[in-house]
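Novice: structure for this input, please:
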Amino acid sequence: MNLSFRQLRVFLEVAQRGGITAAANALHLTPPAVSMQIKELENQVGLLLFDRQGRTLTLSTAGEYFVVHAKRMLGALRDADNAMARFKKLEHGLLTVGMVSTAKYFVPRLLALFREEHPGIEVRLTVANNREALMAQMEAGEVDLSIMGRPPPELSTRSEAFAAHPLVFVAPPGHPLMRIGHPPLKALAGYPFIVREQGSGTRSAMESFFAEDRFEPQITMEMSSNEAIKQAVMADMGISFLSLHTVGLELRLGLLQRLDVEGTPVMRTWHVVHLQSKVLSPAAEAFRYFVIERGEALLVEHDTPLLKP
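Specialist: This next block holds a predicted model:
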């Protein structure tokens, strides 16, 4: 097949957006130009990569397989570009940072500080709903660096811890447990719990903490969004176990209260991670060092006042 990287980029954009016009707008091309690229690509492959229903395009079975290979080929091109940039000693270009949803509450602040020192670097953020989704992005070569809790043992990665990650129980203002002051974990029995979904790092940390005391919570809701959980707790629908980094604003404003449960905060660790096989660009290396050197101080400043009894 005599393919071009331009065709691969156009193909992935159409696959993601499900239509020619939307992809054309994103790529700053005309719809006929996008249609021509897709037609040429399908001619080269010798298969239809999309099923067409009116103006809506969905991936065919062949197209679903081809997406995987297209991402790998573009990832290899990015790696080659990054390797050449290292020889040129350039500190510009594109940096893609992936993160679990819990990290979105502090990573943008780190990036803002980083951009002050490195204004020539263009930064893109991708937020995965949970740890498993971020691992998939890493495997597909869609991110340069990832910010996450536990490094994935399933992948060959290089990971470096850079800051503590406290997890706490939160309740609506005036909750009966607040009158106990420093309740044991068993005091939470009988109260409804709103928890993160299976596969999230927060859920895993909660279950490990409960297992130590053989505590079985009364789970009434399971959600994949920290924001949705916070809203439900504020509406007095239950209590929850969340990262302190997700609830800082609500605690300071008095919209939520931290339950000072015995044995908490549960301390985990934030890591900056990348695949061992990935050649980091100078921009990615610079951000990796920046996170390791500056990340802890930023989070300690955030956490200290919120962890006072």
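Novice: what residues are up against residue 263?
Specialist: Counting by CB atoms under 8 Å, 6 or more residues apart in numbering, residue 263 touches 185, 209, 213. Quick note: C-beta positions are derived from backbone N, CA and C, even for glycine.
Novice: chain neighbours aside, what residue packs nearest to the last one?
Specialist: If the residues on either side of it in the chain are set aside, residue 213 comes closest to residue 185, at 5.2 Å by CB to CB, 6 or more residues apart in numbering.
Novice: tell me the pLDDT of the one you found.
Specialist: Residue 185 is assigned 92 on the pLDDT scale.
Novice: if we can go back for a sec, list just the nearest of the contacts of residue 263 to residue 70.
Specialist: residue 209 (41.8 Å; CB to CB).
Novice: what's the burial count for the closest one?
Specialist: Residues near residue 209, counting by other CB atoms under 10 Å, number 18.
Novice: next, find the distance separating it from residue 261.
Specialist: From residue 209 across to residue 261, the span is 9 Å (CB to CB, to the nearest Å).
Novice: over to residue 185?
Specialist: 6 Å.
Novice: more crowded one of the two?
Specialist: Comparing residue 185 with residue 261 by other CB under 10 Å, the one with more neighbours is residue 261, at 22 against 18.
Novice: show me the strands in the stretch 101-250 of the chain, by range?
Specialist: 121-128, 145-148, 157-171, 192-196, 218-223, 239-243 (DSSP state E, counting those that start in this stretch).
Novice: and the helix or strand of the chain at the bottom of the mean pLDDT ranking, how far out from the chain's middle?
Specialist: Across the helices and strands of the chain, the lowest-confidence element by mean pLDDT, DSSP states H and E is helix 61-88, at a mean of 81. Taking CA atoms, centre = their mean, to the nearest Å, the mean C-alpha location of helix 61-88 is offset from the chain mean by 21 Å.
Novice: try stretch 193-212
Specialist: Distance of stretch 193-212 from the chain centroid (CA atoms, centre = their mean) equals 17 Å.
Novice: buried residues, it. List them.
Specialist: Residues of stretch 193-212 classed as buried by neighbour count (16 or more other CB atoms under 10 Å): 193-196, 200-206, 209-210.
Novice: pLDDT weak spots in this protein?
Specialist: Low-confidence segments of the chain, defined by pLDDT under 70: 1, 83-92.
Novice: all the helices of it, residue numbers only.
Specialist: 5-17, 20-27, 31-45, 61-88, 107-117, 131-139, 201-212, 226-234, 248-253, 282-303 (DSSP state H).
Novice: nearest to residue 273, out of those helices?
Specialist: Closest to residue 273 of these, according to CB to CB: helix 131-139, at 7.5 Å.
Novice: tilt between the closest one and helix 201-212?
Specialist: 130 degrees (axes from the mean of the first three to the mean of the last three CA atoms, to 10 degrees).
Novice: could you pull out the buried residues of the least confident helix or strand of the chain?
Specialist: Under the neighbour-count criterion of 16+ other CB under 10 Å, helix 61-88 has 63, 66, 67, 70, 71, 74, 75, 78, 79, 82, 85 buried.
Novice: you'd agree the second one is up against residue 46?
Specialist: Pointing back at residue 66 there. No: counting by CB atoms under 8 Å, residue 66 does not reach residue 46; the two are 11.3 Å apart.
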